[in-house]
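S.K.: need the 3D shape of this:
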Amino acid sequence: MANNIPEPTKAELEILQVLWEFGPSTVRFVNDKLNEQREVNYTSTLKQMQIMAEKGILKRDESQMKHIYIPVEAEQKTKGQLLDRFVNTLYKGSASQLMMQLLGNKKTSKDELDEIKKMLDQLADKK
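M.R.: Numbers count the residues shown, from 1 in each chain. So this is what the prediction gives:
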């Protein structure tokens, strides 16, 4: 990924999702949110977040008694970089092949199709 920040693992992405949704947080808060999805040990979450800080994925604010963890990269930037890699790897860089696969695998609602059409119209207007 950009700026020499390593690509997050699946477990790291789960932690990032919590931090992106709720903002800078303690390990306890992140662990509680993860436990709403599946059972996760506090010490496992702590160790994972410490490793993420060492890797440069998270920043740790140590100015208070409880350390607060903050994602280094914005959600959209990280997701964009991961999506680019995914599309390049699996679809040889073809966004249209990805879209056809997505729309072919799932029943897309009328609202979703309308939103996709709106986005396509906006993209066409920019060109």
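
S.K.: which other helices and strands does the helix or strand of the chain with the lowest mean pLDDT contact?
M.R.: Least confident element among the helices and strands of the chain, by mean pLDDT, DSSP states H and E: helix 95-105 (a mean of 83). Helices and strands touching helix 95-105, by 3 or more CB pairs under 8 Å, 6 or more residues apart in numbering; DSSP states H and E, are helix 75-91. Any C-beta I mention is one placed from the backbone N, CA and C, and that applies to glycine too.

S.K.: what segments of the protein are strands?
M.R.: With DSSP state E, the ranges of strands along the chain come out as 58-61, 68-71.

S.K.: now for the last one, which elements pack on it?
M.R.: Put plainly, it is strand 68-71. Using 3+ CB pairs under 8 Å, 6+ apart as the test, strand 68-71 ends up in contact with helix 10-22, helix 42-55, strand 58-61.

S.K.: now render those as a markdown table, adding distance to Met119 and mean neighbour count.
M.R.: Shown next, in a markdown table, are the helices and strands packed on strand 68-71 (distance: least, CB to CB, whole Å; neighbours: other CB atoms under 10 Å):
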| stretch | distance to Met119 | mean neighbour count |
| --- | --- | --- |
| helix 10-22 | 22 | 17 |
| helix 42-55 | 32 | 16 |
| strand 58-61 | 32 | 16 |
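
S.K.: dump the residue contacts of Glu14.
M.R.: Contact partners of Glu14, counting by CB atoms under 8 Å, 6 or more residues apart in numbering, are Leu34, Gln37.

S.K.: let's see 7 Å
M.R.: Going by CB atoms under 7 Å, 6 or more residues apart in numbering, Glu14 touches Leu34.

S.K.: OK, contacts around Asp61?
M.R.: Each residue near Asp61 by CB under 7 Å, 6+ apart is listed here: Pro24, His67, Ile68, Ile70.

S.K.: please read the previous query as pertaining to Met49.
M.R.: Contacts for Met49 (CB under 7 Å, 6+ apart) come out as Ile15, Val27, Val30, Leu58, Tyr69.

S.K.: so, low pLDDT: which residues of this structure?
M.R.: When residues are selected by pLDDT under 70, those of the chain lie in 1-4.

S.K.: export the strands of the chain to a markdown table and append columns for distance to Leu34.
M.R.: Listed next are the strands of the chain as a markdown table, based on distance: least, CB to CB, whole Å:
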| stretch | distance to Leu34 |
| --- | --- |
| strand 58-61 | 15 |
| strand 68-71 | 13 |
